[in-house]
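Visitor: no sequence for this one, just the structure:
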């Protein structure tokens, strides 16, 4: 939105950082929505939105960095520290999968009876 003087209402650096921060916030929201989704289709949609938004966030960061407008709050992490954290995350993920597998291995597909009647669909097929 141009100002009366012809410039942007915010300096370009502030505008780009605002967009970058909004993309970061969106990723958090989409990730939460993904983990809370019960419907596989909805879960897949939010998972795709998360991936797409992460890509946009990375592209925006690259643009800001190329223009030398990004003040990184911390120095670049060392590769060995990143590798260590990645290994820990992978180990936790594997342990979680094993626990879920153990806890669900004896469960039938329908482990309990519904306590409400099935609801009729509220969408009518189009003809």
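Guide: Sure, I can see it. None of these values were measured; they are calculated from a predicted model.
Visitor: so residue 20 touches residue 65, yeah?
Guide: No. Contact between residue 20 and residue 65 fails when scored by CB atoms under 8 Å: they sit 10.3 Å apart. All C-beta atoms are positioned from the backbone trio N, CA, C, and that covers glycine.
Visitor: state the distance from residue 61 to residue 54.
Guide: 11 Å (CB to CB, to the nearest Å).
Visitor: ugh, wrong one, I meant residue 35
Guide: From residue 35 across to residue 54, the span is 15 Å (CB to CB).
Visitor: please report the number of neighbouring residues for residue 34.
Guide: When counting by other CB atoms under 10 Å, one arrives at 17 neighbours for residue 34.
Visitor: which parts of the protein are helices?
Guide: Shown for the chain, the helices assigned by DSSP state H span residues 12-36, 40-66, 79-104.
Visitor: pipe these into a markdown table and attach mean pLDDT per row.
Guide: As requested, those are arranged in a markdown table below (pLDDT from 0 to 100):
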| stretch | mean pLDDT |
| --- | --- |
| helix 12-36 | 90 |
| helix 40-66 | 92 |
| helix 79-104 | 81 |
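Visitor: report the buried residues of stretch 54-70.
Guide: For stretch 54-70, the neighbour count (16 or more other CB atoms under 10 Å) marks 54, 57, 60-61, 64, 70 as buried.
Visitor: cool, thanks, signing off.
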